[in-house]
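*Asks:* Provided below for reference: sequence and predicted model.
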Amino acid sequence: MKFSTRTVGFLLLLACFTFRADAGAQTPGADDAARPAARGAEMVLPSDFVRDFPAVAWGMSFQQAKQAVEKTGARPAGFKNSEREFAWDATFDGMRGRGAVFFREGAGVGQIALGVYAFGKRAEVYDAWLKKLTERHGAATEEHDDEFATMKVWRVENGFAIQLRTLKDAHSPVVEITWVKA
C-alpha cells in the first residue's frame, strides 16, 4: 500500500492535534512523584534527533519561528490568515518528513512536532529515538499501545511532555515525535 505525501501529512497533523488534546488531560503536578528525574543537563530537543532541524525555540513569535524555518530553505505553510500554526516539508538527516510548530496566544511557540518517513528503517529510527529519550529522561511515564499505533509519553520536570509515536501499519513509514509545553 502506498501513501501519498498529502495522506501522510494529514496523519501527522491529526496525531499532533490528538496529542494536543491529551496533553492537557493530566493536571500539572498531580503525579510529580512518578516523573523521572531528567538525565543530563537539558531536555532533548528536535536537533538531538535530526541534525538539520531549524533553530526554532520555545516562546518565539510566529514571525521569528517562520524565519528560522525559512533559513533552512523550507517554505512553511499555514492556514489562511492564522498565526496559530504552520508546517513545512523538508529532508531531515536524509529522510523526507514534516515539521510543525504551534503557537499559544501571547506565549509564542508552545508545541513542536517532527515526523519522518523512514520507510524500511522505521523500526531502527523508532528504536534509536526511544533509546535517546530513555537515556536522557528515563522510562516513559505513559504508554499507549493499540491496534493502530505505539505511543510513549515522557512528562519531564520542566513542565514539557514529549511523545514518541509510530503507526503499526506495516506499510506506514512514519515515526513522529512531539514536544508540548505545559
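*Replies:* Everything's here; your move. Residues are numbered from 1 along each chain as shown.

*Asks:* you'd agree residue 102 is up against residue 111?
*Replies:* Yes - here residue 102 reaches residue 111: they are 3.9 Å apart, a contact under CB atoms under 8 Å. All C-beta atoms are positioned from the backbone trio N, CA, C, and that covers glycine.

*Asks:* could you list the low-pLDDT ranges of this structure?
*Replies:* For the chain, applying pLDDT under 70 flags the ranges 1-41.

*Asks:* where do the helices sit along it?
*Replies:* 5-23, 46-49, 62-70, 122-137 (DSSP state H).

*Asks:* counting by contacts, list what the second one packs against.
*Replies:* Read that as helix 46-49. strand 108-117, helix 122-137, strand 174-181 (3 or more CB pairs under 8 Å, 6 or more residues apart in numbering; DSSP states H and E).

*Asks:* quick one: buried residues of the second one?
*Replies:* This means helix 122-137. 122, 125, 126, 129, 130, 133, 134, 136, 137 (16 or more other CB atoms under 10 Å).

*Asks:* gap between the third one and residue 81?
*Replies:* In this case it means residue 126. Going from residue 126 to residue 81 by CB to CB, to the nearest Å gives 37 Å.

*Asks:* tell me how many other residues crowd residue 145.
*Replies:* As a burial measure, residue 145 scores 10 neighbours (other CB atoms under 10 Å).

*Asks:* so what's it closest to, chain neighbours aside?
*Replies:* residue 151 (7.5 Å; CB to CB, 6 or more residues apart in numbering).

*Asks:* just checking, the one you found touches residue 168?
*Replies:* No - Residue 151 is beyond contact range of residue 168, at 10.6 Å (criterion: CB under 8 Å).

*Asks:* between these two, which one's more packed in?
*Replies:* Taking neighbours as other CB under 10 Å, residue 151 and residue 168 compare with residue 151 leading, 22 against 11.
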